[in-house]
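J.: the following block contains a protein sequence and its predicted model.
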Amino acid sequence: MIETTIDAPDGALKAIQDVLRDLLEKDVVDALLVPMTMPAGNGSGEHGRTVAPMLVTDPAALAQANPLAPVLPINAARAVANLTATEHRERLAVVLRPCEIRALVELTKFQQANLDDVLIVGVDCLGTYRVADYQQLGPAAADDLLAGAAAGDPQSHEGFQFRAACQMCEQPIPAGDHVALTVGLVGVTPGQVYLKARDDLAQTLDLSAGDMPPGRAAAIEKLVTARTQARDAVWAEFRGRVNSMDALLAEFATCIRCHNCMINCPICYCKECIFRTATFDHESQLYYQWAERKGAVRLLSDTLLFHLTRLNHMVTSCVGCGMCTEACPADIPVGTVFRSVGEKVQALFDYHPGRSLDEAAPVQEFREDELTALGERPHS
C-alpha cells in the first residue's frame, strides 16, 4: 500500500471529487457508487440538502458527489449487493463509510454480494446525523466536523447530536486488505487529504509514496477512545436496565411490528422470511384461547418473538450501523440492543464482523468444542 498526503487548496471535498473523477477518466472503473447531493426539487436546478447513493458513469456528474456529507440515509452495502449479486460486466468503485464496508464484507461471505471487479473506497467517518437533522443543517454541517477532525475531536453542530450508533462507534476508520483506497481526514492538517492506496491503483492515479500524517495515529486513538467510552457507558446503562425477560419485553413494549428494522438492516437479507409468510397469521380462535389462559393477550402479538428471532439470526454479523434504530417509528433503541447482545456473542466466538473476507462467520462453520466455555462437555 502507498501512503501519501495531497494538497486540497479548494477544500477536502473538491480534492476527493478529483480523485474519484480520475477513477473514471483513467479507466480504472466503469461506474462509481457514491453519495450524491440530490436536486432541491423546486425546479431551480439547484441541489439541496438531501444526499443519497447514486450510480455514476459521467465524470462531470461527480461535481455533485459528497462523500463527506454527515448523513447515512441507507447502509449502501445493500445497494452494492443489488449491483453485484448477479452477473454483470462493469467494473465498479464503491465509496463507503466503515460500517458500510463491514456490512458489505458480511454480505459477501453469505453470497449476497460479489466483490469481483469491485474497488472499495473507504472514507474516515467523523459521525453522521439523522436525515431530518441533516436537512436542517445542510452541507455546511461537514465543515464543523472537518474543523475538529485534525485533532481527533469532531464535534456535532450546536443543538444537534450524531446518530446514536455514531456516538458509540469505535471503528470509524476504514480497515482491511479489501479496502483498495482509504480517504483519511482524522489527524490530517486542514487543506490536505490523506490517501492510502493499493500499489497498482497508486501508480494509475500518479500518487507518490509518502508518509502517514504525523498526528494521524494519535488523533485516531483519541477519537476511538472517546467513542469506546461512550459505547461502554451506553451498554452499562442498557444492561443494568434490561436484565430479565420482563425488562426485555418492556424495552419492546412500543413495537408496532412494522418490520422497518428488518427491512433497513443491511445484513437481514433472506429472500424468504418467516415473518413475511402466513405463519403468524393465527386462527382467530387461538387469540381467545390465549386470553382465556393468560387473562389478557397483547395485539399485535409476537412482537418479542420477532426481535428475538432477528437477534438469533443476525447478532454475530451486526456491524453496528444503527439503521434499525433510525427506521423505528417508536424510537426503540434497536441498535443498542443488538450491539449490546452482539458484543457478548461475538466475543464468545472471537468473531469480528466485517474484519476480513477470510474469516468465516460463526453460522457458516461448526467447531466441535466451541461451546465448552458455556459448560458443554468436551467431546472425547
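T.: Good, I have the coordinates. Values in this document were obtained by computation on a predicted structure and should not be read as measured data.
J.: mind listing the strands for the stretch 151-300 of the chain?
T.: Read by DSSP state E, counting those that start in this stretch, the stretch 151-300 of the chain holds these strands, from start to end of the chain: 179-184, 192-197.
J.: and those as JSON lines, adding mean neighbour count and mean pLDDT?
T.: C-betas here are computed from N, CA, C, even on glycine. As requested, the strands of the stretch 151-300 of the chain are exported to JSON lines (neighbours: other CB atoms under 10 Å; pLDDT from 0 to 100):
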{"stretch": "strand 179-184", "mean neighbour count": "23", "mean pLDDT": "97"}
{"stretch": "strand 192-197", "mean neighbour count": "21", "mean pLDDT": "95"}
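J.: which helices and strands does the longest helix seen in the chain pack with?
T.: Across the chain, the helix with the greatest residue count (assigned by DSSP state H) is helix 216-241. Other elements packing on helix 216-241 under the criterion 3 or more CB pairs under 8 Å, 6 or more residues apart in numbering; DSSP states H and E are helix 164-167, helix 334-348.
J.: can you mark which positions in the longest one are buried?
T.: Neighbour-count burial for helix 334-348, counted by 16 or more other CB atoms under 10 Å, picks out 334-343, 346.
J.: try stretch 350-366
T.: Of the residues in stretch 350-366, 351, 353-354, 361-362 count as buried by neighbour count, 16+ other CB under 10 Å.
J.: and what of stretch 56-63?
T.: When burial is assessed from 16+ other CB under 10 Å, stretch 56-63 yields the following buried residues: 56, 62.
J.: next one: stretch 307-321
T.: Counting neighbours by 16+ other CB under 10 Å, stretch 307-321 gives 307, 310-311, 313-321 as buried.
J.: before we move on, what about stretch 1-18?
T.: Of the residues in stretch 1-18, those with enough neighbours to count as buried (16+ other CB under 10 Å) are 2-6, 8, 11-13, 15-17.
J.: which one of those is nearest to residue 37?
T.: For the buried residues of stretch 1-18, the residue nearest residue 37 by CB to CB is residue 13; the value is 10.3 Å.
J.: OK, contacts around the closest residue in space to that closest one that isn't next to it in sequence?
T.: Nearest residue to residue 13 in three dimensions, chain neighbours excluded: residue 68, at 5.3 Å (CB to CB, 6 or more residues apart in numbering). Taking CB atoms under 8 Å, 6 or more residues apart in numbering as the contact definition, residue 68 lies against 12-13, 16, 123, 142, 145-146, 185.
J.: need the per-residue pLDDT for residue 68.
T.: As predicted, residue 68 sits at a pLDDT of 95.
J.: that one: what secondary structure?
T.: Assigned with DSSP: H, G, I helix; E, B strand; the rest coil, residue 68 falls in the coil class.
J.: ok, it to residue 77 distance?
T.: Relative to residue 77, residue 68 is positioned 19 Å away (CB to CB, to the nearest Å).
J.: equivalent analysis for residue 131, please.
T.: Taking CB to CB as the measure, residue 131 falls 18 Å from residue 77.
J.: just want to know which of these two has more residues nearby.
T.: Each of residue 131 and residue 77 has its neighbours counted (other CB atoms under 10 Å); residue 77 has more, 29 against 17.
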